[in-house]
Structures are given as structure tokens and as C-alpha cells.
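[1] give me the fold of what follows.
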Amino acid sequence: MTLIHRRQFLQSAALASLGLVKTLPAQESHPLPIKLALKFQMVKYHADLAQSFAMLRGLGYDGVELDSPGAQNKTEALAASKSSGLPIHGVVDSIHWRTRLSDPDEAVREKALQGLRTAIRESKQVGGTSVLLVPAVVDQTTTHDEAWQRSIEQIRKALPLAKELQIHILIENVWNQFLYDPKGSDNQDAKLLCQYIDEIGSPWVGSYFDIGNHQKFGKPADWIRQLGKRIVKLDCKDWSAKGGFGKIGEGDVDWIDVRAALREIGYQGWATAEVAGGGPDVCKQILEQMRKHLLGMA
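    So this is what the prediction gives:
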């Protein structure tokens, strides 16, 4: 060790002993092997699909996620994906909030099922591997038990198509008063979500874990550890008790612990940003935030 390097080492050790330097785990020197994407609805870029895809690819995104049924023209989107080299990794069920699998009306539940099937087909069409699904909503017309039973019944009807096309149906944790206590503490666990996925009992159903969505109700890193291999994909956002949802890295999420939890479960899939969008400059900033806080890149 040279004199200069020895002096730097001793100075760093002294600072660390005083608690003035926060040391990270050794594995943090290697970024997590996660592919970064953006939900296309966040792109506020006044251009056609081909130009928008090329812009995102140029910024460094690994992929993008669309909406279905409806929204983007899927034939044009596939062409844009091929011309830009930007993969479409999946779709979000675009009707699951207003047309619910848990609705008390059987006709509405059937319409929701058809929407899910359309999303499965369109995900396959564009080269995706998944459909993000909000499976149920608990409200004045639907109890928790009813939401559980009705939604599982409908999801199971879609499983033959999901298996045939090899498209995952992925359950997102959201503020739908389902699989958590909306009036409970900020230290809840993922037990109900785990039980729900396990009861469906299909390799084509898993978790689309949204890192920021349940910061208000529990610790995201703990949920990741509990869900484990059930997690197939991630949504990336942040939340704080003072400001609500905001920019990645500016909320209350403990990103160091999140990264540790993802390493523990061996996660290597997609992570898609779901925050306030904008034009190229905003999209670039979002990507930088994901790289820094989710991947642990300097």
C-alpha cells in the first residue's frame, strides 16, 4: 500500500468509526440485474409511436409497457418496437378499475373477463409476457370475501388462454381496500396477497409488486421478502407520509433495503416506472432515478 493510499484508508476508517460514512453492503458494488421500462401512458411526447419508441430507446430504456384493451394501436406499436429495438414487455389491463372482476353484477364480471382475455391476446401480439391486473375492489357493494371469491372465479376462467399463449396474469398491490387493511397500521405484511395468489394455484399467476404503493401500509422490502418467487415483475414509484406519491428516491421508501430484499429473492425481471410523466427530459430523469435508487448505480 502506497503512503497516499494508506493515508486515505486510515482517514476513511476514522470517519466510518465516527459514523460519518455510511458503508453499503459489499454486493452493492454490483447493480441489480433488472431491466428498466416505462409505462407508455407516461410519455408526453408529441410524436408518433415509432418516434416515441426511438426516443425511449435512445435514452437507454430496456423496454416499455402498453395498455389493453384499446389505447395504443397494437399493430403500429409492434412495428415501432421492431424498428426501434425497444421491446414491449407486457400490457396493463386498462378496464380493471371501472369494469371489475369482483363486481356484484354477473354481466359486468363477464365483460371484465373478456377485457382480461383481450389483454392476454394483445400482450402476446406485441411480444409481451404479462398482463398487469387489479383483480378486485372492496367497496359498499362488495365485501372482502366477495371480492376474493368473485375475482378468483373469473381469473381461473382466463387461465386456459394464459397457459396457451404463455402470458402471465400478474396481480398488482394497489389502494383497492383488498388484501390489506386500509384503516390499519403502517406495518402490515403481505400474508393475504400471498394467500390469494397461492389459492389460485397457477404458474401463470403471480405478483406484479408495486414498490411504492404500499409504503403507507407496510415496508416494501418486507413484502418483497414475503412474496419471494411469486414476484414476476415490479412497478417502481415512491411515496411519503408528507407528500404522497412523488419522484423515485424522494419519498419514504428504504431503497437500500429494497435492493437487499431483491437480491435475497434473486429477482432479475422487469421494473416499470409509474410516476408523473413528461417529455424526453422527464423520461431521462426518471430513468436516472431508477438506475440510482432501484439498481444501486452510482
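
[2] over to the residue at minimal distance from the centre of the chain: give its phi and psi.
    Averaging the C-alpha coordinates of the chain gives a centre point, and the residue nearest to it by C-alpha atoms, centre = their mean is D235 (1.7 Å). Per-residue torsions, D235: phi -100, psi 140 (degrees, to the nearest 10).

[3] isn't it right next to F209, touching?
    Yes. D235 lies in contact with F209 (C-beta atoms under 8 Å); the separation is 7.2 Å. Where C-beta positions appear, they are placed from N, C-alpha and C, glycine not excepted.

[4] go ahead and confirm L101 touches Q114.
    No. Distance between L101 and Q114: 10.9 Å, which falls outside the contact criterion (C-beta under 8 Å).

[5] compare neighbour counts for the two and give me the winner.
    More neighbours surround L101 than the other of L101 and Q114, with 28 against 14 (other C-beta atoms under 10 Å).

[6] end to end, how far does stretch 196-215 reach?
    According to C-alpha to C-alpha, to the nearest Å, stretch 196-215 extends 20 Å from its N-terminal end residue to its C-terminal end residue.

[7] run the chain-centre distance for that stretch.
    In terms of C-alpha atoms, centre = their mean, to the nearest Å, the centre of stretch 196-215 is found 11 Å from the chain centre.

[8] now it: mean pLDDT?
    Mean pLDDT, stretch 196-215: 97.

[9] now that stretch: buried residues?
    196-197, 200, 204-215 (16 or more other C-beta atoms under 10 Å).

[10] which of those lies closest to N73?
    Proximity to N73 was ranked across those by C-beta to C-beta; first place goes to Y208, at 24.0 Å.

[11] please name the bridge partners of the closest one.
    For Y208, the residues forming beta bridges with it (DSSP bridges) are E172, K233.

[12] the one 10 residues further on too?
    Each beta-bridge partner of G218 is listed here: Q188, as defined by DSSP bridges.

[13] show me what stretch 139-156 is in contact with.
    With C-beta atoms under 8 Å, 6 or more residues apart in numbering as the contact definition, stretch 139-156 has outside contacts at 100-104, 109, 112-113, 116, 133, 135-138, 169, 177-178, 196, 199-200, 202, 205.

[14] mind running it again at 7 Å?
    Taking contacts as C-beta atoms under 7 Å, 6 or more residues apart in numbering, the residues outside stretch 139-156 that touch it are 101-102, 104, 109, 112-113, 135-138, 169, 178, 196, 199-200, 205.

[15] residue ranges for the helices of the stretch 151-298 of the chain, please.
    Secondary structure of the stretch 151-298 of the chain, counting by DSSP state H, counting those that start in this stretch: helices at 191-200, 220-227, 255-265, 280-289.

[16] of those helices, flag the one that's most buried.
    Among the helices of the stretch 151-298 of the chain, helix 220-227 has the highest mean neighbour count (mean count of other C-beta atoms under 10 Å), at a mean of 22.

[17] quick one: average confidence on that one?
    Mean predicted confidence for helix 220-227 is 98.

[18] just how off-centre is that helix within its chain?
    How far helix 220-227 lies from its chain's middle: 13 Å, per C-alpha atoms, centre = their mean.

[19] which elements pack onto it?
    helix 191-200, strand 205-210, helix 255-265 (3 or more C-beta pairs under 7 Å, 6 or more residues apart in numbering; DSSP states H and E).

[20] just checking, what packs against the first one?
    It refers to helix 191-200. The helices and strands touching helix 191-200, judged by 3+ C-beta pairs under 7 Å, 6+ apart, are helix 144-165, strand 205-210, helix 220-227.

[21] quick one: these as a markdown table, columns for distance to D62 too.
    Formatted as a markdown table, the helices and strands packed on helix 191-200 follow (distance: least, C-beta to C-beta, whole Å):
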| stretch | distance to D62 |
| --- | --- |
| helix 144-165 | 22 |
| strand 205-210 | 17 |
| helix 220-227 | 20 |
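
[22] so which of these gets nearest A50?
    It is, among the helices and strands packed on helix 191-200 and with distance given as C-beta to C-beta, helix 144-165, at 25.7 Å.
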